[in-house]
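In: Model the structure of this input:
(one chain, ligands or ions: 1)
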Amino acid sequence: AEADIGLIGLGTMGSALALNIAEKGFPIAVYNRTAQVTRDFHAGAGELATRVIPTESLEELVAAIKPPRAIILMVPAGSPVDQQIEALAPLLDPQDLVIDAGNANFHDTNRRAEAGLPMRFLGVGVSGGEDGARHGPSIMGGGAQQDWDRIAPILTAIAARAEDGTPCATRMGEAGAGHFVKAVHNGIEYADMQMIAEIYGLMRDGMGLPADRIAGIFERWNDGPLQSYLIEISGKVAHAPDPHSGQPMLDVILDRAGQKGTGRWTAIEAQHLAAPIPVIEAAVMARNVSARLAERKAAEERFGPAPQPCDLDEDLLERALIAGKILCYAQGFAMISAASEAFGWSLPLPDIARVWRAGCIIRSTMLNDMAEALTENPGRNLIMAPGFASRIEEALPALRRVVSEGLAQGHPLPALAQGLTWFDMMRTARGTANMIQAQRDFFGAHGFERLDGRDDPHGPWGA
Ligand code: 6PG
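Out: From the prediction side, this is the model:
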């Protein structure tokens, strides 16, 4: 046995991760269900091939790894992971470690961790797409500290590095904690993407800007407070021409979004936790509405198209997006706090912000400041951190202006509008739930608390 680690599943992410590991100097044994895929991978590994040991059976794979063994699973989430664990079980020793690095639902990871598997087990969220996996992903681990420590040298070596040199690989806590943090990452990913799409819609349909002008605006924003991977690639996609028609690529892409489900899991979990993440929920909803293309077409024929020209400009849109982004992250981090308490995890909020600074899809310079604010006080909502409170104050009028003008002119802005509504609710000491409480008491004698503190929890409704 000569390999430091093994990997099962040579799809896009698995192949990229295996090459990254080999490049960092760790001999790696690889296995794929279809042997030809393994052979092709080895043949295409170039000078890294000397550190890649191709194997054509699980027995061969296990025999190629130095004990106690570590094996990364990069297979589709769900039952393929269970099947793979089952197939490996008779071949592994109790001290061998299986690392599920796919996009597992964290409930599955919890279940596996509690099932008393015949081997050690870690659930690890990996973000950054193919390029991240190849050259430096962001890694969110979950499981026992001793198991994380064993594999940390490899995961740290392959991870992205933040500007200050810190590797973006962190253990988040027990069992499913890593996959949970990855799910929230994906929820925020959906929300960031949706807010950018809404702003794009205002530029396209409200301001009548062509794709190349829009590209230029995103490019400029990427030099400012909005600097992020998603703004950068939005500029690039808006810029690209379609090789077939020469039209802007964006103008020939069908407006029907796909999803593998991680954003939806986040929204569902937020409901279980009673954690308000309306910007993320709006983003999931928007993808679901986008999928109903035939219904949308029929309704547009019946009611006519909604969007009208808008009185907006580039500066207003930039500031609105800054505000929306801060509000979205404030919700995401608050959800992580709620989960930390509900699941008895001590999720390290500042470290989560840090691990997202590089490598992952939501990487941005703003996360540097979020990490600092959460380090100062991890229990405080981000909107109350002085640096962010002042940024919100500065950008809020623009968000309000963009949302009200956009809605008035028929532009759907689900995520931006939800961010604003949530913030206005959060800053309101006397809301309207007194009406809800009175109604509940009226029809169900549910009782209420009184502002004057008097102990008289029912209204005179029956009288
Ligand atoms: C990442 C991404 C990735 C995710 C894709 C697709 O962090 O690298 O989150 O894990 O699978 O972005 O997600 P959807 O198909 O749900 O959009």
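
In: Would you mind listing what in the stretch 351-463 of the chain touches the ligand?
Out: By C-beta under 6 Å from any ligand atom, the residues of the stretch 351-463 of the chain that approach the ligand are 360-361. Glycine gets a C-beta too; all of them are placed from N, C-alpha and C.

In: Could you pull out the strands in the protein for me?
Out: Under the criterion DSSP state E, the chain contains strands at 5-8, 28-31, 52-55, 70-73, 97-100, 120-127, 138-142, 169-173.

In: Just say which of the ones you listed is most tucked in.
Out: By mean neighbour count, with neighbours taken as mean count of other C-beta atoms under 10 Å, strand 138-142 ranks first of the strands of the chain at a mean of 29.

In: Describe which strands that strand pairs with in its sheet and in which direction.
Out: According to DSSP bridges, strand 138-142 has the following sheet partners: strand 120-127 (antiparallel), strand 169-173 (parallel).

In: In a markdown table: those strands, plus mean pLDDT and distance to the ligand.
Out: A markdown table is the format used below for the strands paired with strand 138-142 (pLDDT from 0 to 100; distance: least, C-beta to the nearest ligand atom, whole Å):
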| stretch | mean pLDDT | distance to the ligand |
| --- | --- | --- |
| strand 120-127 | 97 | 3 |
| strand 169-173 | 98 | 14 |
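
In: Quick check: which ranges of this protein have low pLDDT?
Out: Within the chain, the stretches with pLDDT under 70 are 463.

In: related to what we said a few turns ago, quick one, which of the strands of the chain is nearest to Ala267?
Out: strand 120-127 (17.3 Å; C-beta to C-beta).

In: Tabulate the CA atom coordinates of the closest one in PDB.
Out: Extracted C-alpha coordinates of strand 120-127, given in PDB (Å, rounded to 0.1, in the frame of the first residue of the first chain):
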ATOM      1  CA  ARG A 120     -15.100   6.100  11.100                       C
ATOM      2  CA  PHE A 121     -17.100   8.700   9.200                       C
ATOM      3  CA  LEU A 122     -16.900  12.400   8.300                       C
ATOM      4  CA  GLY A 123     -19.400  14.500   6.400                       C
ATOM      5  CA  VAL A 124     -17.600  17.300   4.500                       C
ATOM      6  CA  GLY A 125     -19.200  20.100   2.400                       C
ATOM      7  CA  VAL A 126     -17.000  21.100  -0.600                       C
ATOM      8  CA  SER A 127     -17.700  24.300  -2.400                       C
END
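
In: which residues in the stretch 1-150 of the chain form helices?
Out: Counting by DSSP state H, counting those that start in this stretch, the stretch 1-150 of the chain has helices at residues 12-23, 35-43, 58-64, 79-88, 106-114, 129-135, 145-158.

In: which strands and helices sit next to the longest one?
Out: Using 3 or more C-beta pairs under 8 Å, 6 or more residues apart in numbering; DSSP states H and E as the contact criterion, the secondary-structure elements in contact with helix 145-158 are helix 12-23, strand 70-73, strand 97-100, strand 120-127, strand 138-142, strand 169-173.

In: run the last query once more with 7 Å
Out: Other elements packing on helix 145-158 under the criterion 3 or more C-beta pairs under 7 Å, 6 or more residues apart in numbering; DSSP states H and E are helix 12-23, strand 97-100, strand 120-127, strand 169-173.

In: Right, I'll leave it there.
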